[in-house]
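K.L.:
My questions concern the predicted model and sequence given below.
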Amino acid sequence: MVHVHELGFPEVPKSHVFRGSKDFTAQQVFDMLGLAATRNQRQQEVPGQVQQPQQQTSNAARFLLPVFECGFTLESILEDLQRDPWPVAADQRPQRCTGVAMSVCVGLLEATFRGQGARIMMFVGGPPTIGPGAIVSRDRKEDIRSHTDLQKDKAPLTKKALLHYNDLASRCVASSHVVDIFACSLDQSGVMEMADCVQKTGGVIVLADSFGQSVFRESFRRMFSKFSDEAADCDKEQLTMAFAASVEVLTSREFKVAGAIGPCAPLKRQGAAPKNVSEVQIGVGGTNAWSMGGIDPNTTLAIYFDISNQIPLAHGKARYIQLITRYQHASGRYRTRVTTICGPWTVDSNDTATLGRGFDQEAAAVMLARIAVHRSEQGEEQLDIMRWIDRSLIRLASRFADYRKDDPSSFRLSPEFAIFPQFMFHLRRSQFLTVFGYSPDESSYYRHCLLRESTTNSLVMIQPSLLSYSFNGPPVPALLDAASVRSDTILLLDSFFYVVVFHGDTIAAWRDQKFHEDPAHENFKNLLEAPQADAQLIMDSRFPVPRYVVCDQHKSQSRFLMAKLNPSVTHNSMDGQGEVIFTDDVSLKVFMEHLMNLAVKS
């Protein structure tokens, strides 16, 4: 059952109950909650006009109130919540009607605050098992869908669940409402099916093992972070989140908009498509304007362009891009921000030196990664995506590298391109494209984060950063390579999703013998504390909060580090220093040798 509690009359607690095994249309939700009149009033309001609290109808105020008016009532409701007392057989899963609960929430906000900023926060503790949106039956003999089941079309409830949540996502986009999912369970919770509701509305996903874990508790607290005291006066003491956001892209006539990839949905417009929309579509294409729903200072949208000019350009000809962003500030006011970018065209397309100087390899790696993830989300085969990445890299190297035909030893990349192949190597091995060992929920979560984060954070996801701590001096960046693992060092790995402090064998043995508690070994104590302090700084600045792992060499938890390292030392090549990684994956050296051979081939 789904309970909708009234907040407007605390003297007599009251809730409306919906049957969790059947779907309810928007009109049925309006009628059953007595919100039909409220909905009609909202439809007559002027879009974009800020409504004052006193303008809310009494019907809406029964369910939605400012915190200072309903804080005590809300706390009382939460404190009185109890687990369903009805016994659940050992071979059965609990009844969860998450799909119906979300549908009722969407209907409630449609009737009361359509077109204005609002968030639906879903706290999910397990898989939906009944009603629309269910992803698995109650019988525990049936396993929750895996990637293999999805590939072989052996997940009978998945398609229906996707249709249900996609319909809710479209309704939320039309109403400018945001959906957030906090999935805290050791089991899968249906994040894959619900991901569109979050991705299209600009929401966030937090994945944790339990609601008592710091990953959830601290992430939820940071959802309500405010601007610092150094911010502009109009932003001070205001939440950093914004609502009802949209972005429109205008360009000069020489190139057109191919599409966008990120937390967005296309804005529907009347009439013909704008003239600067390309026939080539990348991601969400066919438009030059997108709804982004909820945004925050880290929200990033990747926009792709197609050069359509067929006429030789005059020397010094300039290009421009204009981004028009509209959103509702946390204060309730509506804002418009216009950003214009201008620059010269390179007249000669064969002038690779000039073109190369304008290449941002970090941004390009993230843009290409987003395309690969989007194609994967659309159901394209992993092998085809890998081949596309390889072909793109080979074409780029053939065009911009310096080399002699059929001579791999002469291959050289300029500094603007030097690290790009390394990014592609780690992207191919990442959890964004490799699903082995990950559940569908985990894959959806990782991909969602990549599609909304900044370039800096996205690069950390693709190629984690590694710091080495030793007695030889201050911490230094280390290669993401098996050769960096040494018994007398401590490594700090930041992969965005988890932060790992890894102790070598010698360091771990000294720690276990409690040398750091001896005042004579103050340096060793400082060495142990330094990576922990740096790890805390990383976690304090990150959302969602990453998982914190402290491990020792050759122990089970060390897999979090070993899985990210370049396997330069494997069971097939045990020469040299470093930790042996048991894998059949090729190393970065072999990858680069193949790239050079193919790039210089006649």
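P.N.:
In hand now; what should we look at? Residues are numbered from 1 along each chain as shown.

K.L.:
What is the three-state secondary structure of Cys342?
P.N.:
Secondary structure state of Cys342, per DSSP: H, G, I helix; E, B strand; the rest coil, is strand.

K.L.:
Quick check: beta-bridge partners of it?
P.N.:
Tyr320 (DSSP bridges).

K.L.:
That one: neighbour count?
P.N.:
When neighbours are counted by other Cβ atoms under 10 Å, Cys342 registers 10. All C-beta spots, glycine's among them, are computed from the backbone N, C-alpha and C.

K.L.:
again, but for the one 5 residues further on
P.N.:
For Val347, the tally of surrounding residues (other Cβ under 10 Å) stands at 13.

K.L.:
for Pro85, same thing?
P.N.:
Pro85, neighbours per other Cβ under 10 Å, totals 5.

K.L.:
From Asp187, how far off is it?
P.N.:
Pro85 sits 22 Å away from Asp187, going by Cβ to Cβ, to the nearest Å.

K.L.:
just Asp540 next, same as before
P.N.:
Distance from Asp540 to Asp187, by Cβ to Cβ: 30 Å.

K.L.:
repeat for Ser214
P.N.:
For Ser214, the distance to Asp187 - Cβ to Cβ - is 20 Å.

K.L.:
just Asp360 next, same as before
P.N.:
41 Å.

K.L.:
Contacts only, for Leu527.
P.N.:
By Cβ atoms under 8 Å, 6 or more residues apart in numbering, the residues touching Leu527 are Tyr469, Ser470, Phe471, Ile490, Ile507.

K.L.:
Quick check: Cys70 touching Phe9?
P.N.:
No - under the criterion of Cβ atoms under 8 Å, Cys70 makes no contact with Phe9, lying 10.3 Å away.

K.L.:
Which of the two has more residues huddled nearby?
P.N.:
Each of Cys70 and Phe9 has its neighbours counted (other Cβ under 10 Å); Cys70 has more, 19 against 11.

K.L.:
mind checking the SS state of the more buried one?
P.N.:
helix.

K.L.:
which residues touch Gly202?
P.N.:
Contacts of Gly202 (Cβ under 8 Å, 6+ apart): Val178, Ala245, Pro263, Cys264, Met292, Gly293, Gly294, Ile295, Thr299, Arg452.

K.L.:
Please report how far the closest residue to it other than its chain neighbours lies from Ser558.
P.N.:
Nearest non-adjacent residue to Gly202, counting by Cβ to Cβ, 6 or more residues apart in numbering: Gly293, 3.3 Å away. Distance, Gly293 to Ser558, using Cβ to Cβ: 40 Å.

K.L.:
the more surrounded of these two?
P.N.:
The residue with more neighbours, out of Gly293 and Ser558, is Gly293; 31 against 19, by other Cβ under 10 Å.

K.L.:
Can you report phi and psi for that one?
P.N.:
Main-chain dihedrals, Gly293, degrees, to the nearest 10: phi 60, psi -120.

K.L.:
Surely it touches Val173?
P.N.:
Yes - using Cβ under 8 Å, Gly293 is in contact with Val173, at 6.8 Å.

K.L.:
So for the two, which residues contact both of them?
P.N.:
By Cβ under 8 Å, 6+ apart, Gly293 and Val173 have these common neighbours: Lys200, Thr201, Ala265.

K.L.:
Not counting sequence-adjacent ones, nearest residue to the second one?
P.N.:
For Thr201, ignoring the flanking residues on the chain, the nearest one in space by Cβ to Cβ, 6+ apart is Gly293 at 3.8 Å.

K.L.:
Which residues does the helix or strand Gln422 falls within contact?
P.N.:
Assigned by DSSP states H and E, Gln422 belongs to helix 420-429. For helix 420-429, contacts defined as Cβ under 8 Å, 6+ apart pick out 361-362, 364-365, 368-369, 372, 386, 389, 393, 396-397, 413, 433-434, 459, 462-463, 480, 566, 585, 588, 591-592, 595.

K.L.:
Repeat that for stretch 280-288.
P.N.:
By Cβ under 8 Å, 6+ apart, the list of residues contacting stretch 280-288 from outside reads 248-251, 257-262, 264-267, 269, 273-274, 276-278, 290, 302, 304, 306, 370-371, 374.

K.L.:
per-domain residue ranges of this protein.
P.N.:
The record assigns the chain these domain ranges, following automatic domain parsing: 2-222, 232-345.

K.L.:
Output those as TSV; include the columns distance to Arg447 and mean pLDDT.
P.N.:
Below are these laid out as TSV (distance: least, Cβ to Cβ, whole Å; pLDDT from 0 to 100):
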stretch	distance to Arg447	mean pLDDT
domain 2-222	8	89
domain 232-345	11	92
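
K.L.:
and Val549, which of those is closest to it?
P.N.:
Closest to Val549 of those is domain 2-222 (Cβ to Cβ; 11.8 Å).

K.L.:
so how far is the first residue of the closest one from its last?
P.N.:
Distance across domain 2-222, first residue to last, is 28 Å (Cα to Cα, to the nearest Å).

K.L.:
Distance from the helix or strand hosting Ala509 to the middle of the chain?
P.N.:
In this assignment (DSSP H and E), Ala509 forms part of helix 505-512. Relative to its parent chain, helix 505-512 has a centroid offset of 37 Å by Cα atoms, centre = their mean, to the nearest Å.

K.L.:
what comes up buried for that helix?
P.N.:
The neighbour-count check on helix 505-512 (16 or more other Cβ atoms under 10 Å) flags Ile507, Ala508, Trp510, Arg511 as buried.

K.L.:
Determine which two of these are furthest apart.
P.N.:
Distance extremes for the buried residues of helix 505-512: the farthest pair is Ala508 and Trp510 at 7.4 Å, using Cβ to Cβ.

K.L.:
how about the helices in the stretch 401-550 of the chain?
P.N.:
Here the stretch 401-550 of the chain has its helices, by DSSP state H, counting those that start in this stretch, at 420-429, 440-450, 455-462, 505-512, 522-540.

K.L.:
still on that earlier bit, give me the beta-bridge partners of the residue nearest to Gly202?
P.N.:
Assigned bridge partners for Gly293, using DSSP bridges, are Ala245.

K.L.:
Please compute how far stretch 219-236 lies from its chain's middle.
P.N.:
Offset of stretch 219-236 from its chain centre (Cα atoms, centre = their mean): 21 Å.

K.L.:
Equivalent analysis for stretch 78-93, please.
P.N.:
Taking mean C-alpha positions (Cα atoms, centre = their mean), stretch 78-93 and its chain are 32 Å apart.

K.L.:
Check stretch 310-319 too.
P.N.:
Remark: stretch 310-319 is offset 38 Å from the chain centroid, using Cα atoms, centre = their mean.

K.L.:
One more: stretch 364-373?
P.N.:
Per Cα atoms, centre = their mean, the displacement of stretch 364-373 from the mean C-alpha position of its chain is 13 Å.

K.L.:
Stretch 508-516 too?
P.N.:
The chain centre lies 39 Å from the centre of stretch 508-516; the measure is Cα atoms, centre = their mean.

K.L.:
ends of that stretch, how far apart?
P.N.:
11 Å.

K.L.:
Name the residues that touch it?
P.N.:
Residues from elsewhere that reach stretch 508-516 (Cβ under 8 Å, 6+ apart): His503, His521, Phe524, Lys525, Leu528, Asp552, Gln553.

K.L.:
Residues touching the host helix or strand of Thr354, excluding its own?
P.N.:
In this assignment (DSSP H and E), Thr354 forms part of helix 352-357. Contact partners of helix 352-357, identified using Cβ under 8 Å, 6+ apart, comprise Thr346, Asp348, Ser349, Arg399, Phe400, Ser414, Glu416, Phe417.
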